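Student: I'd like to go over a predicted model; first the sequence, then the structure.
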Amino acid sequence: MPSNNCKYPQEMRNQTARLIVEGSKTATGLSEELGIDKNTVCRWARDYRRENKLPSYYEANGIKFHPTVLCLLSKDE
């Protein structure tokens with residue numbers, strides 16, 4: 001969930017995430033262009049997907065995990 005004490009405006013986060021989700025730009029490319037850590041940009045994209053009820057990166061790209069990995073990933077949420 002976004003914090004109220006943000007370094008970057010929410011609209012910038014949404015625009016950046018939208019470019020990644022739509023496939024117009026890569027997270028790596030955008031992070032380099034903007035001078036923002038790649039993990040931050042990826043988090044924005046993940047949050048954008050969740051807020052807009054869009055499939056995750058893995059679901060959208062048909063990437064399957066072994067059940068053990070899924071179990072470990074679900075513990076983080």
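Tutor: That came in fine, so what should we check first?

Student: so how far is Leu34 from the nearest residue to Ala17 once chain neighbours are set aside?
Tutor: What sits nearest to Ala17 in space, not counting adjacent residues and going by CB to CB, 6 or more residues apart in numbering, is Tyr48, at 3.4 Å. In this view, the C-beta of every residue, glycine as well, is placed from N, C-alpha and C. Applying CB to CB, to the nearest Å, the value for Tyr48 to Leu34 is 15 Å.

Student: these two: which has the busier surroundings?
Tutor: Tyr48 (18 against 13; other CB atoms under 10 Å).

Student: coming back round to it: so what's the residue nearest to Ala17 up against?
Tutor: Tyr48 makes contact with Arg13, Asn14, Ala17, Arg18, Ile20, Val21, Leu54, according to CB atoms under 8 Å, 6 or more residues apart in numbering.

Student: put the buried members of those into a PyMOL selection.
Tutor: Filtering the contacts of Tyr48 down to the buried ones (16 or more other CB atoms under 10 Å) takes a single PyMOL command:
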select buried, resi 13+14+17+20+21
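
Student: no further queries at this time; thank you.
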